[in-house]
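S.K.: Below are the sequence and a predicted model; questions follow.
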Amino acid sequence: MSPARKTGVAGSDPEVTVFLNARLIDPASGRDEPGGLLVRDAIIADLGGHLRRNAPEGAKVIDCQGHVLAPGLIDCQVFTGDPGQEHRETLKTASFAAAAGGVTTIVCMPDTEPVIDQVALVDYVQRRARERAIVNVHIMAALTRGLKGEEMAEIGLLQRAGAIAFSNGKSSVANSRMMRNALLYAKDFGALVVHHTEDSFLSAGAAMNSGEVATRIGLPGVHKAAETIVVERDVRLVELTGGRYHASTLSCAESLAVIRQAKDRKLPVTCGVSINHLTLNENDIGPYRTFFKIRPPLRAEDDRVAMVRGLAAGDIDVIVSSHDPQDADVKRRPFAEAADGAIGLETLLAAALRLYHNGEIQLLPLLRAMTINPAKLLGLPSGRLEKGAPADLLLFDPDVPWVVDREQLRSRSKNSPFDESKMQGRVLRTIVAGTCVYQYGEPPRG
């Protein structure tokens, strides 16, 4: 497993810190109660109602003022430009954005220049993360060399070097034989295959979801069958091989139905959804706003509702930001020519809380999809509030209102679909291994 930078400024915090007067929420155990939490040597040493008011002598005390103290979020789909396109995003700026969004662990995708398909590159990214990032950083290495879908990457060697899963990034593996072989080979190492489910031949030249909105505004669309076809094929291959498989970002009801049926048959299949497809739909594109051009494209409202219901029912396992920074040069173009992608690390929690405030889902299952579920999926020790677990924590006020200002966001690129949006719920503190790496109102650390 990839080592991660565990502390911020060395010696900045005492060894013992106690969080008093908190609302403890732990989706792993179902805990939702008033109490406190004690951190000693970067580990959760104690928690519960008996710590609500009482602090051990000599401990640093943080009064949570009744706000929510939960496990730090785990975002298992983050694109950066590091290495090769640092003008888009670096590991340092991505980690600042993550910390401000309550995300204590990010999993970087292999879509870099060069592609992360070699052991030396896995080691390089790990070293840069240890030196520069203020949150935990893990690597999802390439499933195929160069992400071309033609030749399998050295899954065993990459896993030994620290890669925690394998993906073809933004590209689907079109060759079914290659996908079958990759699942078979990954199974030998117990490795997880994460796949972007989109038929590239059907989606070629498309700018948005096919339908009435695309017709009305005159943009080329792709039918959601382009996604479902790949999901159906992949599930058949999982049934054939027994390999562990995760559909990275579903966006429509038909694809979710395929995954649900696969789970009913006890296949080793999981799926995720981006926060964009839970909170936005194709109508948000409005007057050709390129910040809303993403992959898979925003779907109709019926599909958005289906995604939320699937999340509430537990059919969808994880929520990701699908953080994909793009600079102004490739976004300030006609919609059909603009690059796909939107940033989302810093707004992940606030956008997710929209679903809670709208009454579409309860807080526990919402947080579960961003904490313990991705932790279990990727074999990480975090994502839970329990004695002995890493002290990766998130303190937030679920009710405070604020407005997103892209110029205040810590990401190097500013292509946020939530720019100027009204939010309800803000991160107050982010703690990684017992060290506060973000506090609302303070300048970035690191």
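M.R.: Noted; the coordinates are in hand. Bear in mind the structure is a predicted one, so any value in this text is a computation, not a measurement.

S.K.: wait, what's in contact with the nearest residue to L202 once chain neighbours are set aside?
M.R.: Once flanking residues are discounted, L202 sits nearest to A226: 3.8 Å by C-beta to C-beta, 6 or more residues apart in numbering. Where C-beta positions appear, they are placed from N, C-alpha and C, glycine not excepted. Taking C-beta atoms under 8 Å, 6 or more residues apart in numbering as the criterion, A226 is in contact with 198-199, 202-203.

S.K.: tell me the contacts of P381?
M.R.: The contact partners of P381, by C-beta under 8 Å, 6+ apart, come to 375, 389-390.

S.K.: looking at this, it is in a strand?
M.R.: No: the assignment for P381 by DSSP: H, G, I helix; E, B strand; the rest coil gives coil, which leaves it out of any strand.

S.K.: quick one: the residue nearest to L202 and D302, what's the gap?
M.R.: Counting by C-beta to C-beta, to the nearest Å, the gap from A226 to D302 is 17 Å.

S.K.: nearest spatial neighbour of Q85, skipping sequence neighbours?
M.R.: Once chain neighbours are set aside, the closest to Q85 by C-beta to C-beta, 6+ apart is E113, at 5.8 Å.

S.K.: circling back to that earlier point, against R332, how distant is the residue nearest to L202?
M.R.: The gap separating A226 from R332 is 27 Å, by C-beta to C-beta.

S.K.: before we move on, back to that, what's the pLDDT at the residue nearest to L202?
M.R.: A226 is assigned 98 on the pLDDT scale.

S.K.: out of the contacts of A226, who's nearest V404?
M.R.: Distance to V404 across those (C-beta to C-beta) is lowest for E198, with 28.1 Å.

S.K.: Pull out the buried positions in stretch 176-195.
M.R.: Judged by neighbour count (16 or more other C-beta atoms under 10 Å), stretch 176-195 contains these buried residues: 178-183, 185-187, 191-195.

S.K.: any idea how far V78 is from M109?
M.R.: Counting by C-beta to C-beta, the gap between V78 and M109 amounts to 7 Å.

S.K.: With H87 instead?
M.R.: Taking C-beta to C-beta as the measure, H87 falls 18 Å from M109.

S.K.: How are the strands of the stretch 251-400 of the chain distributed by residue range?
M.R.: Using DSSP state E, counting those that start in this stretch, the strands of the stretch 251-400 of the chain run over residues 269-274, 318-320, 393-403.

S.K.: okay if I get those strands as JSON lines plus mean neighbour count?
M.R.: Below are the strands of the stretch 251-400 of the chain laid out as JSON lines (neighbours: other C-beta atoms under 10 Å):
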{"stretch": "strand 269-274", "mean neighbour count": "24"}
{"stretch": "strand 318-320", "mean neighbour count": "27"}
{"stretch": "strand 393-403", "mean neighbour count": "18"}
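
S.K.: following the helix ranked longest in the chain, which helix or strand shows up next?
M.R.: Taking residue count as the measure and DSSP state H as the definition, the longest helix of the chain comes out as helix 225-241. Along the chain past helix 225-241, the next helix or strand (assigned with DSSP states H and E) turns out to be strand 244-247.

S.K.: Contacts made by that next one with the rest, please.
M.R.: Outside strand 244-247, the residues that reach it (C-beta under 8 Å, 6+ apart) are 165, 183, 186-187, 190-195, 197, 231, 234-235, 237-238, 255, 259, 267-272, 317, 377.

S.K.: Swap in 6 Å and give it another go.
M.R.: Defining contact as C-beta atoms under 6 Å, 6 or more residues apart in numbering, one finds that strand 244-247 is touched by 192-194, 197, 231, 238, 268-271.

S.K.: How about stretch 345-362?
M.R.: Identification of contacts with stretch 345-362 by C-beta under 6 Å, 6+ apart yields 97-98, 100-103, 275, 279, 308, 312, 321, 323, 363, 366, 398, 409, 418, 423-425.

S.K.: buried set for that stretch?
M.R.: Within stretch 345-362, the residues that count as buried by 16+ other C-beta under 10 Å are 345-356, 360-361.

S.K.: and if you look at stretch 228-243?
M.R.: 228-235, 237-238, 241, 243.

S.K.: For R304, see how far away the nearest residue to S210 once chain neighbours are set aside is.
M.R.: Closest residue in space to S210, ignoring its immediate chain neighbours: G221 at 3.2 Å, by C-beta to C-beta, 6+ apart. Here the distance between G221 and R304 works out to 16 Å (C-beta to C-beta).

S.K.: neighbour count winner among the two?
M.R.: When G221 and R304 are compared on other C-beta atoms under 10 Å, the one with more neighbours turns out to be R304, at 23 against 20.

S.K.: from what I can see that one touches N281, true?
M.R.: Yes: taking contact to mean C-beta atoms under 6 Å, the distance of 4.8 Å between R304 and N281 places them in contact.

S.K.: circling back: what angle separates the longest helix of the chain from strand 269-274?
M.R.: 150 degrees (axes from the mean of the first three to the mean of the last three C-alpha atoms, to 10 degrees).

S.K.: Using CSV, write down the CA coordinates of helix 225-241.
M.R.: As requested, C-alpha coordinates have been extracted for helix 225-241 and formatted as CSV (Å, rounded to 0.1, in the frame of the first residue of the first chain):
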residue,chain,number,x,y,z
ALA,A,225,-26.9,2.9,-23.7
ALA,A,226,-23.2,3.6,-24.4
GLU,A,227,-22.7,3.2,-20.7
THR,A,228,-25.0,0.4,-20.0
ILE,A,229,-23.6,-1.8,-22.8
VAL,A,230,-20.1,-1.7,-21.2
VAL,A,231,-21.5,-2.3,-17.8
GLU,A,232,-23.4,-5.4,-19.0
ARG,A,233,-20.3,-6.7,-20.8
ASP,A,234,-18.1,-6.2,-17.8
VAL,A,235,-20.5,-8.0,-15.5
ARG,A,236,-20.5,-11.0,-17.8
LEU,A,237,-16.7,-11.0,-17.7
VAL,A,238,-16.7,-10.8,-13.9
GLU,A,239,-19.1,-13.8,-13.9
LEU,A,240,-16.6,-15.6,-16.2
THR,A,241,-13.4,-14.7,-14.3
